[in-house]
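Asker: the sequence and its predicted three-dimensional model are supplied below.
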Amino acid sequence: MNEALRACYDVIQLHSKSFAFAARLLPNDVRDRAVAVYAWCRRADDAIDLAGPEGPEAALGGLRVELDDIYAGRSTPDPALEMFRRTVHERSIPRQYAEDLLAGMEMDVRGQRYESLDPLLEYCYCVAGSVGLMMCHVMGVKDEDAMRNAAHMGMAMQLTNICRDVEEDWQRGRVYLPESLLAQYGAPNLIDKLGGPFPEAAGASVARTIAHLLEEADRYYASGDEGLPALSWRCSTAIRTARMVYSTIGGRIRSAGCDPMAGRAYVPTSRKLALALSALGASGADLPLRVLRLQVGGACAPARLVSYPEDVLPV
């Protein structure tokens, strides 16, 4: 493995055990490019969260300068960034999707508050739906409906992440739970308390808000599932495995009563292996649908740029 690829694989092993596990199921060439995309997304996230003395605004500006270089085809000495540059040009990944992800990073930089579900869904699209769209290019998907489904799959996973990390995000000075839902379930003005210890008295209201968002995630998972037959069986198995791992995390959050103080939900390796076998069987069962989509030419149609919200909402 060359230096650029090794740098990308090091990033995924360090930051996402679930994605690293699912990625093993991808064909080699697809896996390498998928890991390169993930490494760049992680780089953007870390640049904001671990910004130096110049602050996250400067870090965001630096990421946009790097993106200029990438899409201009200029080589970079950073091996992981160079691998992403190659992937962008080899797989024709539109710059808009990378820009959308940075727009989500900008929401974090400016400390956006989410008054209702709609701006939260926009955030989920930016930081995760856009990644699903980039992965479509990596995997050779050209079915326009499947592109929309891929954005929804990413959004479902991000909603699950938000529900899992409520207390952790609070400690970092961030709240993604919509204020309207918090008020609806009895915790108005909760976000005004940000900066102190997590208010345990609001735990029941926060739990109901989390349960609401998990139901929303289920709707997006269901849409994401509809696009899986547009993938090859190995890609379908890998993405379905990742989807099942994330939805299992959601199930564990529910089993803990959606308590934000219950600790970080996770899926042990033994359970991931069982989910991978289930995903393999489901992808095999999808074979007639996969053949049908190829026969009608959907997978051969040119993919157009997917935009938020017109091409993504409603689910």
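Answerer: Arrived safely.
Asker: tally of neighbours for the nearest residue to Val138 once chain neighbours are set aside?
Answerer: For Val138, ignoring the flanking residues on the chain, the nearest one in space by Cβ to Cβ, 6 or more residues apart in numbering is Arg33 at 4.5 Å. (C-beta placed from N, C-alpha, C; glycine too.) Using other Cβ atoms under 10 Å, the number of residues around Arg33 comes to 26.
Asker: now do the SS call for Arg33.
Answerer: helix (DSSP: H, G, I helix; E, B strand; the rest coil).
Asker: and the pLDDT at it?
Answerer: Here the pLDDT value assigned to Arg33 is 93.
Asker: Asp165 touches Arg264, doesn't it?
Answerer: Yes: counting by Cβ atoms under 8 Å, Arg264 is a contact partner of Asp165 at 7.4 Å.
Asker: give me the more crowded residue out of the two.
Answerer: Between Asp165 and Arg264, counted using other Cβ under 10 Å, the more crowded position is Asp165 (17 against 11).
Asker: and the more buried one, its phi and psi?
Answerer: phi -110, psi 20 (degrees, to the nearest 10).
Asker: cool, and Gly196?
Answerer: phi -110, psi -170.
Asker: and if you look at Val127?
Answerer: Dihedral angles (degrees, to the nearest 10) for Val127: phi -90, psi -10.
Asker: what's the answer for Leu313, then?
Answerer: Here Leu313 shows phi and psi, under degrees, to the nearest 10, equal to phi -110, psi 150.
Asker: now it. Nearest residue, chain neighbours left out?
Answerer: Leu121 is the one closest to Leu313 (Cβ to Cβ, 6+ apart), at 7.0 Å.
Asker: pLDDT on the host helix or strand of that neighbour, on average?
Answerer: Using DSSP states H and E, Leu121 sits in helix 117-124. Taken as a whole, helix 117-124 carries a mean pLDDT of 98.
Asker: for it, buried residues please.
Answerer: 117, 120-124 (16 or more other Cβ atoms under 10 Å).
Asker: redo these as JSON lines? Include distance to Gly195.
Answerer: JSON lines is the format used below for those (distance: Cβ to Cβ, whole Å):
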{"residue": "Leu117", "distance to Gly195": "24"}
{"residue": "Leu120", "distance to Gly195": "21"}
{"residue": "Leu121", "distance to Gly195": "26"}
{"residue": "Glu122", "distance to Gly195": "25"}
{"residue": "Tyr123", "distance to Gly195": "21"}
{"residue": "Cys124", "distance to Gly195": "25"}
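Asker: distance of the residue nearest in space to the middle of the chain from Ser255?
Answerer: Nearest to the geometric centre of the chain sits Ala128, at 3.1 Å (Cα atoms, centre = their mean). Ala128 sits 24 Å away from Ser255, going by Cβ to Cβ, to the nearest Å.
Asker: and what of Tyr266?
Answerer: Tyr266 is 13 Å from Ser255, by Cβ to Cβ.
Asker: kindly report the same for Glu99.
Answerer: Taken as Cβ to Cβ, the span from Glu99 to Ser255 is 38 Å.
Asker: the more surrounded of the two?
Answerer: Glu99 (14 against 10).
Asker: thinking again about what came up before, from the buried residues of helix 117-124, pick the one nearest Ala211.
Answerer: When the buried residues of helix 117-124 are ranked by distance to Ala211 (Cβ to Cβ), Leu117 comes first, at 13.8 Å.
Asker: residue contacts, the residue lying closest to the closest one once chain neighbours are set aside?
Answerer: Spatial nearest neighbour of Leu117, excluding adjacent residues (Cβ to Cβ, 6+ apart): Pro178 at 5.1 Å. Contacts for Pro178 (Cβ atoms under 8 Å, 6 or more residues apart in numbering) come out as 114-117, 119-120, 209.
Asker: just send these back as JSON lines, with distance to Arg42 too.
Answerer: Shown next, in JSON lines, are those (distance: Cβ to Cβ, whole Å):
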{"residue": "Tyr114", "distance to Arg42": "23"}
{"residue": "Glu115", "distance to Arg42": "29"}
{"residue": "Ser116", "distance to Arg42": "29"}
{"residue": "Leu117", "distance to Arg42": "27"}
{"residue": "Pro119", "distance to Arg42": "24"}
{"residue": "Leu120", "distance to Arg42": "22"}
{"residue": "Thr209", "distance to Arg42": "28"}
